[in-house]
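Chemist: Fold the following, please.
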Amino acid sequence: MTKTYAIDFESFYSKDCSITNGLENYVNHPDFDCYMVSIWGDEDFNWVGHPEDAPWEDICGHTWISHNRSFDEGLWNLLSHDWVKPGIGPADWHCSADCAAYHGFPRSLKESCKEVFSVDISKGTRDNMKGLNWETMSEDFQKEVAQYALDDSQYCYLLWKELSPTWPEWERELSRETTRMCWAGMPINSQKLDDSITHLHNVIAQARDGIPWHDDDRAALSPIEWANWVRSKDKLPPDTMAKDDPDTIAWVEENPEEGKVLELTWTLRGANAMIKKLQSMQRRVRKDGTLPFGMKYFGANLTGRDSGDSGFNVQNMSKGQLYGVDMRSLIEARPGNTLLIADLSQIEARVIAWLAGDRDLLKLAEEGVDWYEAVGRAMSLYSEEGPLKEKDPDLRDTLKALSLGCQFAMGAERFASVAGLPLHEAKRLTQLYRHRNPKVVALWGKLKRGFMESSREPDKEFRLALPSGRSIPYRDVSTKNGTSAMMPRGGRMIRHKVWHGILVENATQALARDVFMDRVLELLKADLKPILRVHDEVVFEVEESKAEELAKVIHKIMTSPPEWIRSLPLGTEVIKSPHYTK
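Modeler: Okay, the predicted model is just below:
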């Protein structure tokens, strides 16, 4: 009979020797030392001590659990050859942090156990371990560390036992696949990466040279120094240096000479941020040219979308050239290979139409009509012969903004800002959207009523059920001082305002995520292993000679709806490129 064991490694860490530099760099740091493992399992099995002395053979072939498997399993993969004979290991290895996130709890062991078991786990010992080697710890503190580690593995085990029965197997598979993909890494053009960093150094130097107060050795980005310099020109500075502030933008247009200097501060700030990302990539690239990266399964609260992790966020790479660098293009197929990039086209717009039961719009999509053209025809905003994309691309852009914003109950003022339209035109279009999309408006009302009614139930919990089989939990629903619920935010449960726009957005994004991940698993069954997932997009590195054939396989899988939502028409475009692009 397979048993379950929670595994928790403890290792030296300091400011310089840290996981934030990537796991392999952490392990290879000269100060690194993995000095302890704690194990807690079935039948009250518990053990704590040095990994070399652990009873690995006794727990071999069973299920292992860790709270943040990517770290503990990563250490095992890198170091276990020093501790055990080949062949010793688990039958499978799961992540209790991923399991907690799926159930709508914070990822941290402390916060998830606080919510599930109403216990307060102290992390003071962990904080005090910083910068201490095992040998430099006092005997009393060594005992404290051992007990702390054993407590962590016990709570990891208890959390798993409590939540895992309602964690579906397909979600567990996605959790494992996320770890595999991140460890396998992405192919990187290292020379191009080095050249990009050099280029950014030049951009930064030129920006600094153009900032008048830089020679005084005062902070080039200081708002005080900036304001003093503007006043020295007998002018009043804008209230903020922010480049996206409308008043600041207007000020730059009215004061072009000083505006050029302000723009240099924007360049300096942005180029500095980008070079840090590239330097993080540079430090992590392996000798084989691949870049392992971090990504959290179910990282986005409630919706379950992926989120970035470990100091380099692959979900937030800039598109196109920025400061003369195309960050995405650094991900480049190796010689003889190419990349295939596919996404689910207009997936959120399609999903909300499905949720609202708008069969007329979905039927147009099934017939192959461009989605935003279908929206235009359904709203009587476009009736000409021929594709909207060719006839009136500006109208298509407006319809895209209208669909993506107004479907979530966006108001006219916000829509005017997003779409770059005059307020009167934005008001006309938002009113028209609501008039021509009564089923979407009805969906808003349905979700709002269900949410408010749950505040009167004994458990005060609203669960937004999805056709994939999961539900989004909103806990401790309240209608006092507006509608709100307890939700995971910033690593802990907080009270957050909830309104019908948020509910429909969560439902749409969550269902879109489930559809996308279902397709990812089908791709894996076809032996197509992604090197990267970004929102609704999946990237593969394949042999150049097989690219055309595999692109057809990918297209077929990506456009085939899951078994549990056959009436949802899917669209995709498979792009072949030597490097990652969007």
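Chemist: Spell out which residues sit in contact with residue 347, please.
Modeler: Neighbouring residues of residue 347 by CB atoms under 8 Å, 6 or more residues apart in numbering: 512, 515, 516, 536, 570. Placement of C-beta: from N, CA and C, glycine included.
Chemist: Look up how far residue 562 lies from it.
Modeler: Using CB to CB, to the nearest Å, residue 347 is found at 12 Å from residue 562.
Chemist: try residue 294
Modeler: The spacing between residue 294 and residue 562, counted by CB to CB, is 28 Å.
Chemist: which of those two has more neighbours?
Modeler: Here residue 294 and residue 562 are compared on neighbour count by other CB atoms under 10 Å; more neighbours surround residue 294, at 24 against 18.
Chemist: So what does the more buried one look like in phi/psi?
Modeler: The phi and psi values for residue 294, taken as degrees, to the nearest 10, are phi -110, psi 140.
Chemist: what separates it from residue 183, distance-wise?
Modeler: Relative to residue 183, residue 294 is positioned 10 Å away (criterion: CB to CB).
Chemist: Equivalent analysis for residue 44, please.
Modeler: As defined by CB to CB, residue 44 lies at a distance of 33 Å from residue 183.
Chemist: and those two? which has more neighbours close in?
Modeler: residue 183 (17 against 7).
Chemist: before we move on, back to that, now the common contact residues for residue 347 and residue 562.
Modeler: Taking CB under 8 Å, 6+ apart as the criterion, residue 347 and residue 562 both touch residue 515.
Chemist: Contact partners for the most centrally placed residue in the chain?
Modeler: Central residue of the chain (CA atoms, centre = their mean): residue 307, 1.4 Å from the mean position. Neighbour list for residue 307: 295, 296, 299, 300, 313, 315 [criterion: CB under 8 Å, 6+ apart].
Chemist: go again using 10 Å as the cut-off
Modeler: The neighbours of residue 307, taking CB atoms under 10 Å, 6 or more residues apart in numbering as the test, are 101, 294-301, 313-316.
Chemist: Report pLDDT for it.
Modeler: What the model reports for residue 307 is a pLDDT of 92.
Chemist: buried set for the host helix or strand of residue 141?
Modeler: Residue 141 belongs to helix 139-163 when assigned by DSSP states H and E. Within helix 139-163, the residues that count as buried by 16 or more other CB atoms under 10 Å are 141, 144-146, 148-160, 162-163.
Chemist: just stretch 265-283 next, same as before
Modeler: Buried-residue list, stretch 265-283, by 16+ other CB under 10 Å: 265-272, 274-275, 277-278, 280-282.
Chemist: Repeat that for stretch 284-303.
Modeler: Buried residues in stretch 284-303 (16+ other CB under 10 Å): 284-285, 290-303.
Chemist: which SS class is residue 574?
Modeler: strand (DSSP: H, G, I helix; E, B strand; the rest coil).
Chemist: Now do stretch 469-476, average pLDDT.
Modeler: On average, stretch 469-476 scores 96.
Chemist: what do you get for stretch 16-30?
Modeler: The average pLDDT for stretch 16-30 rounds to 92.
Chemist: Relative to residue 505, how far out is the closest residue in space to residue 292 that isn't next to it in sequence?
Modeler: Of all residues not flanking residue 292 in the chain, residue 185 sits nearest, at 4.2 Å (CB to CB, 6 or more residues apart in numbering). Using CB to CB, residue 185 is found at 33 Å from residue 505.
Chemist: And for residue 86?
Modeler: Relative to residue 505, residue 86 is positioned 50 Å away (CB to CB).
Chemist: Show me which of those two is the more surrounded one.
Modeler: residue 505 (18 against 7).
Chemist: Show me what counts as buried in the helix or strand hosting that one.
Modeler: Residue 505 is part of helix 500-525, with elements assigned from DSSP H and E. Of all the residues in helix 500-525, those buried under the rule 16+ other CB under 10 Å are 500-520, 523-524.
Chemist: could you pull out the strands for the stretch 351-500 of the chain?
Modeler: Counting by DSSP state E, counting those that start in this stretch, one finds strands in the stretch 351-500 of the chain at the ranges 462-465, 471-478, 484-489, 492-497.
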